[in-house]
Each structure stands twice: as structure tokens, then as C-alpha cells.
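Participant: heads up, no residue letters with this:
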């Protein structure tokens, strides 16, 4: 019987096809969402402009009236949206795999709240001792601090049961929420913090993209290295251990990376909830549980999803995008909770 | 010895679970670990598979300390099959098996032709290749167990550790898996250490057994050495009968019926004597004891089932040497027992020249006005090996007033109408 063997290699081809489709959808998304906004830009002009900029084609006579809108306002916003979507989806996938629980998400665990506290703290007290890096750095510190706080509170003996982890995450989130409220209460510039917290891409610019892009991609790659380990850990931690994986070490490393990638996203666009919850789950339904395809696929789906929700936010009069994701995300979370009753995750 | 466990102590927190465990196993050996719940069997496997670090002692594989091995190197030598193999993710069976190649592959390396070839070989070995494309979540418990064992094998280990691989499986899969383990040791020269709950399966398939109790090995050796009624009583606290399996000569453990413990509670007024032999009286003995009658039996040869059962039930019985005719001495002893009995039952025993005296004793019983119940379930001609002599005497019994019965139930019913047989 030779069939399963061929089918197995077909799987790799299938993975490649999934990536090709997603990248194609991504390209279409970039063009279409660039067109959307207060000023409509015909998609063909966008393609022409992009082609010209990337030296793919020589279009001699392009009207330059859209240049600023496309290049300085919409494109950085879309690219940042992609990076944030990618980051949140990757953090969500990592945490869900790590805790074998589809309800793990950087927001629910409290990592994002920690990052937000760090970021707001930097906005209030230390504006600019590291220049543009101050906010991301403080956000990372806040995320790391929260991660290890939650990790250590949730730890029972040497293990971290999922239920205590979720409960600890919620408790710590509530506490950090109070800290945020307090900081807003004493803040002079309440307005900017308030809008930042709701999550949005209004202030996106190329400088932010430049700072974000490298750390996000490096971190994504570093997490991807552990894809096979996460697969094995889905079978149970002791099982993974007998397959030659240092489970406790992998857990800690991945928590740090998840905190880092979340903090990077949060520090520029504020708290955008539930992307890390919904996206990995939907992607898992599409491509299966194997993290080797789940990571890149959910990163792309996350980027595409966030760019579209941001476009929707733009159409709805510059509404904070966090409101829209929460509108989708919270019912989804409840759906997962109800489904969980059978005791089966991920099915 | 390739696998040596030397003086290992292991703790959960401050609780000592393993205490001075010391044994070794060689290539091609199937070592069964048995013991009551909580005796440390699983902990022992966890310690060998390096999930739990021993506080004292070392574990050596071919002379090398396993603590010194790198993670991946360790898992190229040791593979484990956990007790709970439930997987809630939609991986295909082949995906799961290929995870066993992890220790042989780089972090970003995809499985190649060779890996799939190894997975196929292992799945064929465990007879689950036909399940390769099925989602693991849809397989039955037994099928899943085969897949998990195949995964362990694709690690190409020298040592295979299994924690109760046959629990929750039906007898068909129990046998399949135990035969598989046997094959893996004898053909692939693996060292297999398996915790096995079922003592009879352990006895039948394991080369050696280690009996664990309170974290210590209390007995280690062949099944005949380890599985003694005394050992089982001391560790499990259960009363068992150890017999030799008729086919394989392996130990066979079965629980002692609870009546032995409540014997003499219901002292009955009637004493029933069974004339039996050839295993024909055994179950009636048991039934009568169960109902509180006093039971005696005779004359049976040593090694006869009836004799063994009588011994187990603590019944007074007249015995004769194996395969020997009944001597005058035994005959007299038998008569003495019959004199004490209220009712005599002649069982459905076959007769040869050796035990004709048991028919004679029945005649004497009638002469002494003892009520005699005679089993007539199998026609006497068919169990007469004396050229008609036994038949003649049997028919004479009928004529002299013996009560013919067809079944055990009939005997019990007649005995219930105790007015028939006044004490």
C-alpha cells in the first residue's frame, strides 16, 4: 500500500498552495484597502504606482495627485496593520499551542494589559529617554513582567494548569486595568492615552513600520523554529519530553517571545483585542493543527483580517479598530467557552 | 547488562516513591513490572524515561549514564508509550507516527522519503499502516495504542517503556499488543519494560517479572518465582489461587472464592458425602459449601481436580496415590466418612478397574440406610471402562433404592426438602 506515502508528500504541496493563495489574497487586500478611505483611489492607479515604485514596470505618465495619500497615509497604515495582525496572531497561536487551550490569547493572559501599562507609563512619565524606542521598550518590560507574574502565580508545583493560568491572567488583567485607570485619572493628556488605548492606526507612519518590521520578523522566525516542539507538546508534555524536547525550557522561551511580539504590536497601535484569539482558531480549521503551517498561515490571515477591519474602521468614520475586533471577538470567545463543555479543545 | 538501574531512589517533593530500585535488563528481554496501585510502577517508568530525576542512584544504558545524554540523543535510545494516549487534535495517524522522527531531524527539517519509509515499516510492524491517513481522533482505543507504539518505534530506540499498554483494551487487542511486544524483543532485540496490570497477561508474555510494593522490588525473576500466592497476598492483599495454565505451563492467577472467608459461619445440620473423581464433583462441592452444608469426599486420586478443589475448600477427603487403584486401606477410610454422612451423592464419574471400589462403597451406603443420590447425567454405558462390570453394579444401585438425579440443581432441590433426610 503506497497511497499514504504519496498523500503525505501531497500535504507539503498542499501547504505551499495554502501559502500561495494567502499571499495572493494579501496582495489583493493591500490594493483594495488602499483604495478605501475618505478619498477613493482607483485600484488600477495603486497597482501602477506600486509597480513603478518597485521598479516592476515603467509607467511614464502617472498622475501624482494620489502619491501622498497612497504612500504617506494609507500604505504605512496598511503595512503596520499587517505587522500587528501578524504579531497578534503569532502570539495567539504560540500561547494556544503552549497551553493546549484555544482560549489563551495575549489579552486574556494579561500580556497585552502589561504592555499597555508599560506604554502608558512611558507616555506619562518618561517621554523619550530612548527616543522613539521608549514606548516599545517600556511595553516590552510591562509585558515581560506580567508574563512572569502570571506564570509564577499560576504555577502549581512545577506545572502550569490551564485553568489556573486563565484565572490568574484575568485577575492580573483586572488589576492592570485599575492601574491604567489610575494613570488616566492623574494624566494631564487624557485624550491621547484614551484614544491610544482603544486601539487604532491613525498615527501610523513609515518610521513606526521601520522600527517594528525587523523585530517582528526576527521574533516570528524564532518562534517558528519551535513549531515541531509545539506539535509534540500538543500530545502531552511528558510525551514531548520523551521525544527529546526540553519542555520547561521551550515553554519559557516561547513565553518571552510571545510577550515580545505582543509588546511590539501594542506599543504602536494600542490594545486591539481578540485577534490573537480568533485568527489561530479559524486558521486551524483551514489548515489543521500542524504548527509548521499554522504559524505562517495564521500570521497571514491575521494580517489580512486586521487590514480589512481597519479599512472598515476607516469607512465608519475613523472608529478605533479595537472596537470592531472586540465586536467579533467577544461572541467568539463565548462560543468557544460553550463548545468547551464537551472537554475537547481544537476540534 | 545493557540497561542497568542502580539503587535508584525517587521522590515527589519530599515523599519517597522509589526506594533502592535495582535491576537490569538485556537486549531482547520483555520485563514486566507488576504491583498494586500506588506501588510506584508508573514512577519507575517516569524515572527511567528521565521525566523524573532520581535523587539517588544511576541509570546506565550500555554502560553510559543516561543523565549525561543530550535530550535528542536520549530519545534516540529511549521511547515511551504513556498510559493515557488520548489525543484531541486532528493529526492523521501518520503525522503522529512521524513525530517519532523528531529526535532524528533538525528543527526546520521536513520529513523525507527515508523517514516515511521508517514510519511505514513501524506501522506495518504494529499492523496499523492501513490507518495511516485516518485522523487519530477517529480511531478506537486499540487502534490508537498501535499507532502510539508505532510512533515510539520510529524513534528507533533501544529501550521501549510502556505504561499499561493493554488497559482499557478488549482481549483481542490485549493479545495483539502483548504478542507485538514479544515479537519486538525476540526479533528486533529491543529492551522492553512494561507496566502490566493483568497478572495473567504478564505471566504469559513476559520473560521476567518485577513485583513492586511500596516503592521497592519485592520479587524479581521468572513468572513462576514471582507469582506465588504468598507474594500476591503480601503485596496486593488478595487471596488467589496460582495454577499452571494447561496449555502453556505459565502461572495462572485466579481469585479465591469469597466463601473460604465465611466458612463455618452457617453450620448446617447435614453432612453430604460425595463419591467423586475425574473432576465431576468439584462444582457440586463448591455449591454445597456455599450453602453451608458440611461436605466430605472420597476416594479421589492425588492431582485430580476434585482433590485439588477439596483441598482448597478445606473438605475432609480420602485420597489415593496418583493413577493408582483404590487400596483396601483407602476403602475403609472412605466407609468411615460415609458412616458420618447424612446423605451420600454418587457423582457422574467414569469408572475403570481402579475406582470400582467407589461403586462398591455406594452399595454399602445403601446397606447402611444412607440416602443415596446417583447422578445419571451421562449414561453409565458411556462411562464404563470395565467391560460391563460397572454398569451391572450401577443398575443394581438403582434397584436397591438409589435416587436418580440428572443435575446439580436437582440435588440441591432434594437436599432442601430436608424431611427426606432426617439428620
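Facilitator: In hand now; what should we look at? Keep in mind that this is a model prediction, so the values were computed, not measured.

Participant: and the gap between the residue positioned nearest the centre of chain A and chain B?
Facilitator: Nearest residue to the geometric centre of chain A (C-alpha atoms, centre = their mean): residue A:88, 1.2 Å. Computed with C-beta to the nearest C-beta, to the nearest Å, the distance linking residue A:88 and chain B is 22 Å. C-beta coordinates here come from the backbone N, C-alpha and C atoms, glycine included.

Participant: what of residue A:304?
Facilitator: Residue A:304 sits at a distance of 23 Å from chain B (criterion: C-beta to the nearest C-beta).

Participant: what about residue 54, neighbour count?
Facilitator: Looking at chain A here, since you left the chain open. Counted by other C-beta atoms under 10 Å in any protein chain shown, the residues lying close to residue A:54 total 8.

Participant: nope, chain B please
Facilitator: By other C-beta under 10 Å, the residues close to residue B:54 number 20.

Participant: my guess is it contacts residue B:16. True?
Facilitator: No. Using C-beta atoms under 8 Å as the test, residue B:54 is too far from residue B:16 to be in contact (11.2 Å).

Participant: thinking again about what came up before, show me what the strand or helix carrying the residue nearest to the centre of chain A packs onto, helices and strands only.
Facilitator: Here residue A:88, judged by DSSP states H and E, is contained in helix A:75-99. With contacts taken as 3 or more C-beta pairs under 8 Å, 6 or more residues apart in numbering or on different chains; DSSP states H and E, helix A:75-99 sits against helix A:3-35, helix A:106-109, helix A:206-224, helix A:227-234, helix A:247-269, helix A:275-287, helix A:291-315.

Participant: so which elements touch the shortest one?
Facilitator: In this case it means helix A:106-109. helix A:75-99, helix A:162-186, helix A:275-287.

Participant: identify the residues contacting it?
Facilitator: A:88, A:91-92, A:95, A:112-113, A:147, A:150, A:165-166, A:169-170, A:173, A:258, A:262, A:271, A:273-274, A:276-277, A:333 (C-beta atoms under 8 Å, 6 or more residues apart in numbering or on different chains).

Participant: switch the cut-off to 6 Å
Facilitator: Here helix A:106-109 makes contact (C-beta atoms under 6 Å, 6 or more residues apart in numbering or on different chains) with A:91, A:112, A:169, A:262, A:273, A:276.

Participant: avg pLDDT for that helix?
Facilitator: Helix A:106-109 comes out with an average pLDDT of 83.

Participant: and that helix, how far out from the chain's middle?
Facilitator: Offset of helix A:106-109 from its chain centre (C-alpha atoms, centre = their mean, to the nearest Å): 11 Å.

Participant: can you check stretch A:145-164 too?
Facilitator: 22 Å.

Participant: check stretch A:314-322 too.
Facilitator: Using C-alpha atoms, centre = their mean, the offset of stretch A:314-322 from its chain centre is 19 Å.

Participant: same thing with stretch A:26-33?
Facilitator: Between the centre of stretch A:26-33 and the centre of its chain there are 19 Å (C-alpha atoms, centre = their mean).

Participant: and what of stretch B:9-21?
Facilitator: Its chain's C-alpha centre and that of stretch B:9-21 lie 30 Å apart, by C-alpha atoms, centre = their mean.

Participant: what about the helices in the stretch 51-200 of chain B?
Facilitator: In the stretch 51-200 of chain B, helices defined by DSSP state H, counting those that start in this stretch lie at B:71-77, B:93-99, B:113-125, B:141-154, B:171-188, B:199-205, listed in chain order.

Participant: the helices in the stretch 201-350 of chain B, which residues?
Facilitator: Taking DSSP H, counting those that start in this stretch, the helices of the stretch 201-350 of chain B run over residues B:223-226, B:229-236, B:282-290, B:305-312, B:328-340.

Participant: how many other residues sit next to the residue of the stretch 201-347 of chain A at minimum distance from chain B?
Facilitator: Closest contact between the stretch 201-347 of chain A and chain B, by C-beta to the nearest C-beta, is at residue A:244 (3.4 Å). Using other C-beta under 10 Å, residue A:244 has 21 other residues around it.

Participant: what does the one 5 residues further on give?
Facilitator: Counted with other C-beta under 10 Å, residues neighbouring residue A:249 total 11.

Participant: same check, this time on residue A:157
Facilitator: Residues lying near residue A:157 (other C-beta under 10 Å) number 8.

Participant: which residue is the nearest non-sequential neighbour of it?
Facilitator: residue B:13 (7.6 Å; C-beta to C-beta, 6 or more residues apart in numbering or on different chains).

Participant: cool, residue A:311 as well?
Facilitator: Nearest one to residue A:311, counting by C-beta to C-beta, 6+ apart, is residue A:33 at 4.2 Å.

Participant: so what's that neighbour up against?
Facilitator: Residues near residue A:33 by C-beta under 6 Å, 6+ apart: A:78, A:307, A:311.

Participant: what's the neighbour count on the closest residue in space to the second one that isn't next to it in sequence?
Facilitator: The reference is to residue A:307. In space, and not counting its chain neighbours, residue A:307 is closest to residue A:81: 4.4 Å by C-beta to C-beta, 6+ apart. Residue neighbour count, defined by other C-beta under 10 Å, stands at 29 for residue A:81.

Participant: where does the residue located most distally from the centre of chain B land on pLDDT?
Facilitator: Distance from the C-alpha centroid of chain B peaks at residue B:108, with 48.9 Å (C-alpha atoms, centre = their mean). On pLDDT, residue B:108 comes in at 86.

Participant: and if you look at the one 4 residues further on?
Facilitator: Looking at residue B:112, its pLDDT is 87.

Participant: rewinding a little: just checking, the residue nearest to residue A:307 touches residue A:306?
Facilitator: Yes. In this structure residue A:81 lies within contact range of residue A:306 using C-beta atoms under 6 Å: 4.9 Å.

Participant: who are the packing partners of the helix or strand containing residue A:142?
Facilitator: Assigned by DSSP H and E, residue A:142 belongs to helix A:134-154. If you count contacts as 3 or more C-beta pairs under 6 Å, 6 or more residues apart in numbering or on different chains; DSSP states H and E, helix A:134-154 packs onto helix A:111-124, helix A:162-186, helix A:247-269.

Participant: point out the most buried one among those helices.
Facilitator: Sort the helices and strands packed on helix A:134-154 by mean neighbour count, taking mean count of other C-beta atoms under 10 Å in any protein chain shown, and helix A:111-124 sits at the top with a mean of 26.

Participant: just the angle between that one and helix A:162-186, please?
Facilitator: Angle of helix A:111-124 versus helix A:162-186, following axes from the mean of the first three to the mean of the last three C-alpha atoms, to 10 degrees, is 20 degrees.

Participant: still on that earlier bit, just the pLDDT at the residue nearest to residue A:311, thanks.
Facilitator: Reported pLDDT for residue A:33: 92.
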